[in-house]
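S.K.: Below are the sequence and a predicted model; questions follow.
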Amino acid sequence: MVAGDNLQQLKSALETMYSNANQNDKINATHFLETFQKSQDAWEIVHTILNDAHLDIHIQLFAAQTLRSKVTYDLSQLPEQNFATLKNSIIQLLTVFTANNQRLVRTQLCVALAQLALQYLTWQDAVSEIVTKLSSTATYLPCLLDFLKILPEELSDVKKTSLSDDEFNTRTRELIENNVEQVLLLLKNLTDTNSSNSSQDSMVLDCLNSWIKECPIESILRIDSLTSLIFRSLASEETFDKSIECLCTIIRETRDIDNHELIEALYKQIIELNSFMHANPDRLEDPETFDGLSRLYVEAGESWHVLIAKNPKHFKPLVLILLEICKYQDDLDIVKYTFYFWHLLKQLLTISKFQESKEELADIFANLITIIIKHLTYPITGNDHDLFNGDREQEDKFKEFRYEMGDVLKDCCAVVGPSKALSIPFHQIQTILSSNMPSTNWQHLEAPLFSMRAMAKEVSTKEKVMLPTIMSFLVQLPEHPKVRYAATLVLGRYTEWTAKNPGFLEPQLNYIIKGFEIVSSNSADEQGKHDIIIAASRALMYFCQDCSELLVSYLEQLYMLYGQVRDQLDLESTYELVDGLAHVILKLPTENLYTTTEMFISPTLQTLNQLLVAGENEANSKSVADQIEVLTKFIYVLKANNFSKPDSPIARLFIEKIWPAISQLLAAYGKSVIASERILKLVKSGIQSQSTYLNSLLPEMATLLIQGFQQSHYGCYLWVSGVLIREYGDEYTSEDIKDAVYRFGMEQCSYFFNLLFNTNEEGVRAMSDVVEDYFRMMNDLLMFYPFKVIANQDLLKSTLKASLLTLNSINEFNPIISCIHFLVDLVSWGLPSPPISFFDESDLTIPRHGMQQFLVSENNGGELLRVVLNGLIFKFNNDIQQDTNDLILKILVAVPDKNISIGWLHEVVKALPNVNQKEISKLMDTVSVALPNKDNRRVRSALRDFVNWYSRKNVTPRSEF
């Protein structure tokens, strides 16, 4: 028996994990189990557990999982002379767990045996030995077939092991390639001698599926008994899924072969299978059978889509089968299987050399449009506000699915042509309305309208056949909130066409404006009003953007509309409407820009003045932020586009009307984060929109940003400081201004360092957003002042200290990635090619040498490498991995003496806990050769593989408890 204490602790921990224990107890139990799995004692304890038939299956499964992880990650804990004993014990354990209800344990043991076979390099004829031992009696057959199924899967990726590439490739050849014939012969013999054991057939198919990819597909299909087994098994419910998986794998493997006879034979079998299933419709009524067949047909379509495009008449039956699948009503996820096939086929059919094929298959794509429109139709219920009987998850899923169907409609439109594609939903709408049925449901009109909207991107602005009729028709549709919503969005999607066909502008504009009038009345319910507002605001925004010149003459009408609806709109609709209006204002003559823009922003300025008088509270701060966003939208769109002119009307308006409001609002609402951020966003838009036209404001802006940061400690001040540096630090600015901007940047840095370095670790974590904005500002400072930044050793030392503090203390993604991006750019100045290229090559030697010297001095590069690599392994988000690898590589490459950087890497890796010499040698041997030879790709790959392996072994939890 296992020593009582050890067994009892394991039992107790596992019971805690499977129970409703509190979170702290579960955390402690998890920690105990993970620690146990990595311990030396685990080797002996798990063997004892697995050999004790009286123990509960849960603890035996955990023991098997632990043995698997020990063999995978901790084989170095055992002396190599013990490997043979371990091999024999695992095989012996497998023979104990042969029952169907023990398969979970058996699977873990098979993985352990496969991993041992891979890493036990001196084990000769491993597969033959295992086959011999596990085929000695029929009872062991499940163990043998499970092992053979798992072996190729475990040997699919060198990154799953600590072996070198050469060791892995050699071992894969010995275990897989050299044993293909033996395994296929074994499976053939088992099939030939099996009469009616469907369970064995299922295991053989499972095993065969794993080995199909390991040999030429012809080798499999030449074995009649295996081919017969695959197709014969489709008739049995127990083996149906396994045979489908085998066929899918076989067809997938034909993608890259030129054996057309083989593909033709498979194609005939698939068509015959479809005929057989339709002759036995009861089979197709089973959802799982229909699902499996659909996956098979879709795999055939995707794998052979090139052949379909080349020979559409011959393969048309397969395309028709896929079209038939799209009609399935019971499960839209099955319909979704086909979507990528239609896209692949469309990609080829729209190439000119496949014109004849497109004509041959166009009717299928036209039918597909009709089918998709039917699927787009919302459920028809007695309550328009609850179409899914309160099931929000189902409603969200359906809405998401509609947009995916929209992509299919685009593909259909590209194949059949815009006029034909648009005619299908249009004629559906005509038919519905001409029937004069009083009970027509809005759902039957909305679905074809949605399809028109979805296809818009594929419709040329030159289309003259259908769109003139459709556009005239849409504005006359019967009134219903859902219909108006859908029709308005259609109009908004075709605004580029309207810009080219201005005769249709006025009726469409009137239709949209009427939508706002309906909202003002009581003729629609609240949800209907909200939907119409959203649609009308968005459509009008698109009209203003794309038809801006045409709408200049309607500006007075638009101003009146804005005044009427401004207080009724939700925020998002307000912003969209303002964005559109600003695009029209932008087309005015220069002399009218100031007064017209002032006219449009005056209501907002008046509201802000009222809020200034009212005083700061949470609600007012939110209102200030929302109103400021309106000004930001105007200023952002009304950009100066010709800086050769002496001044800009919008810049004058900003200086005279908006800037005073900014200063007053910050004084009154500066303690509010949301108000400060929105106001600073407005300053940012002003700087980016008007640039040098705001030169006279620069001293005031700099003072505001410096004082604001020192008083509030809000990161938004640093964020906008970076924008100011970027906008006024370029070559279009005078040297005096550039120098002043650099000094401004230094002052912001100085206060940031003072703030950061006098804060404890918890305080650093609390100011993570400020840290993020600081590094973004530093990136701008480095971009425009690289010579000054790199020459400033005090600045570099403080910045490195801030970087190390950030990477060690902060856990959030954004500040870390901001810091990493800055460091990548900084270290890149030590490379032959700097991150920016608008400096003379002769000037780059000084900053390059300065950066290299900084890395080497005081072991700065080594310390940075240590913190970055440890962060990558132990704490950084996976999404940061690529950028972090890039930084590590640049640190290694930037140092001229590669022995120094290789030494740093060796020291850092050697200091990691629980790392063995073999793992260190595998990394260092590769880097030591590749780095001096400038083979950066191999260095990057070796680092990535090491980090992934080490993390799986030591950091990532090994099992799900």
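M.R.: Arrived safely, thanks for sending.

S.K.: measure residue 210 to residue 223 for me?
M.R.: Using C-beta to C-beta, to the nearest Å, we find residue 210 at a distance of 16 Å from residue 223. For every residue, glycine as well, the C-beta is placed using N, CA and C.

S.K.: List the residues that contact residue 13.
M.R.: Contacts here follow C-beta atoms under 8 Å, 6 or more residues apart in numbering; on that basis residue 13 touches 29, 32, 33.

S.K.: Looking at those, which are in helices?
M.R.: 29, 32, 33 (DSSP state H).

S.K.: Does the closest residue to the second one other than its chain neighbours lie in a helix or a strand, and which?
M.R.: I take that to be residue 32. The shortest distance from residue 32 to any residue other than its chain neighbours is 4.9 Å, reached at residue 13 (C-beta to C-beta, 6 or more residues apart in numbering). Assigned by DSSP states H and E, residue 13 belongs to helix 4-18.

S.K.: CA atoms only for that helix - export them in PDB, please.
M.R.: Only the C-alpha atoms of helix 4-18 are listed here, as PDB (Å, rounded to 0.1, in the frame of the first residue of the first chain):
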ATOM      1  CA  GLY A   4      -0.900   6.200   4.500                       C
ATOM      2  CA  ASP A   5      -0.200   9.900   4.800                       C
ATOM      3  CA  ASN A   6       0.600  10.400   1.100                       C
ATOM      4  CA  LEU A   7      -2.400   8.500  -0.100                       C
ATOM      5  CA  GLN A   8      -4.700  10.200   2.300                       C
ATOM      6  CA  GLN A   9      -3.400  13.700   1.300                       C
ATOM      7  CA  LEU A  10      -4.000  12.900  -2.400                       C
ATOM      8  CA  LYS A  11      -7.500  11.600  -1.700                       C
ATOM      9  CA  SER A  12      -8.300  14.600   0.400                       C
ATOM     10  CA  ALA A  13      -7.000  17.100  -2.200                       C
ATOM     11  CA  LEU A  14      -8.900  15.300  -5.100                       C
ATOM     12  CA  GLU A  15     -12.100  15.200  -3.100                       C
ATOM     13  CA  THR A  16     -11.700  18.900  -2.500                       C
ATOM     14  CA  MET A  17     -11.400  19.500  -6.200                       C
ATOM     15  CA  TYR A  18     -14.500  17.500  -7.100                       C
END
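
S.K.: Figure out how far it is from the centre of its chain.
M.R.: In this view, helix 4-18 has its centroid 39 Å away from the chain centroid, taken as C-alpha atoms, centre = their mean, to the nearest Å.

S.K.: what's the answer for stretch 581-590, then?
M.R.: Averaging C-alpha positions (C-alpha atoms, centre = their mean) puts stretch 581-590 38 Å from its chain's average.

S.K.: Now do that stretch, average pLDDT.
M.R.: Per-region confidence: stretch 581-590 scores 96 on mean pLDDT.

S.K.: Distance across it, terminal residue to terminal residue?
M.R.: 16 Å (C-alpha to C-alpha, to the nearest Å).

S.K.: So the protein: which segments form each domain?
M.R.: 40-177, 461-587, 590-758, 788-960 (the TED database).

S.K.: secondary structure element for residue 148?
M.R.: Short version, using DSSP H and E: residue 148 is in helix 141-154.

S.K.: cool, and residue 132?
M.R.: Going by DSSP H and E, residue 132 is in helix 126-134.

S.K.: if we can go back for a sec, mind listing what's buried along the helix holding residue 148?
M.R.: For helix 141-154, burial by neighbour count (16 or more other C-beta atoms under 10 Å) applies to 141-152, 154.

S.K.: what packs against the one helix or strand residue 207 maps to?
M.R.: In this structure, residue 207 is located in helix 198-211 according to DSSP H and E. Applying 3 or more C-beta pairs under 8 Å, 6 or more residues apart in numbering; DSSP states H and E, we find helix 198-211 packed against helix 141-154, helix 180-193, helix 224-232, helix 240-253.

S.K.: got the buried residues for the helix or strand following the last one?
M.R.: What that stands for is helix 240-253. Once the chain leaves helix 240-253, the next helix or strand it forms, by DSSP H and E, is helix 260-279. Burial within helix 260-279, assessed by neighbour count using 16+ other C-beta under 10 Å, is assigned to 262, 263, 266, 267, 270, 271, 273, 274, 277.

S.K.: what residue ranges in the stretch 701-850 of the chain score low on pLDDT?
M.R.: 837-842 (pLDDT under 70).

S.K.: what are the ranges of the helices in it?
M.R.: 715-728, 735-757, 761-766, 768-784, 786-791, 793-809, 813-828, 845-856 (DSSP state H, counting those that start in this stretch).

S.K.: just the stretch 401-550 of the chain next, same as before
M.R.: Assignment of helices within the stretch 401-550 of the chain using DSSP H, counting those that start in this stretch yields the ranges 418-434, 442-454, 467-474, 481-493, 495-500, 505-520, 526-546, 548-551.

S.K.: still on that earlier bit, same list (the buried residues of helix 141-154) but as CSV, adding distance to residue 180.
M.R.: Shown next, in CSV, are those (distance: C-beta to C-beta, whole Å):
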residue, distance to residue 180
141, 20
142, 22
143, 21
144, 16
145, 16
146, 18
147, 15
148, 11
149, 14
150, 16
151, 11
152, 10
154, 16
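
S.K.: For residue 541, which non-adjacent residue is spatially closest?
M.R.: Among residues not flanking residue 541 along the chain, residue 580 sits closest, at 3.7 Å (C-beta to C-beta, 6+ apart).

S.K.: And for residue 591?
M.R.: Using C-beta to C-beta, 6+ apart, the nearest residue to residue 591 is residue 649, at 7.9 Å.

S.K.: any idea of the pLDDT on that neighbour?
M.R.: 96.

S.K.: and if you look at the one 10 residues further on?
M.R.: According to the per-residue confidence, residue 659 scores 97 in pLDDT.

S.K.: And it, how close does it get to residue 694?
M.R.: With C-beta to C-beta as the criterion, residue 659 and residue 694 are 9 Å apart.

S.K.: now swap in residue 854 and tell me
M.R.: 36 Å.

S.K.: And residue 443, by the same measure?
M.R.: Taken as C-beta to C-beta, the span from residue 443 to residue 694 is 53 Å.

S.K.: Now that residue 805 has come up, it's in contact with residue 756, right?
M.R.: Yes: between residue 805 and residue 756 a contact is recorded at 6.7 Å, counting by C-beta atoms under 8 Å.

S.K.: who touches both of these two?
M.R.: In contact with both residue 805 and residue 756: residue 764, using C-beta under 8 Å, 6+ apart.
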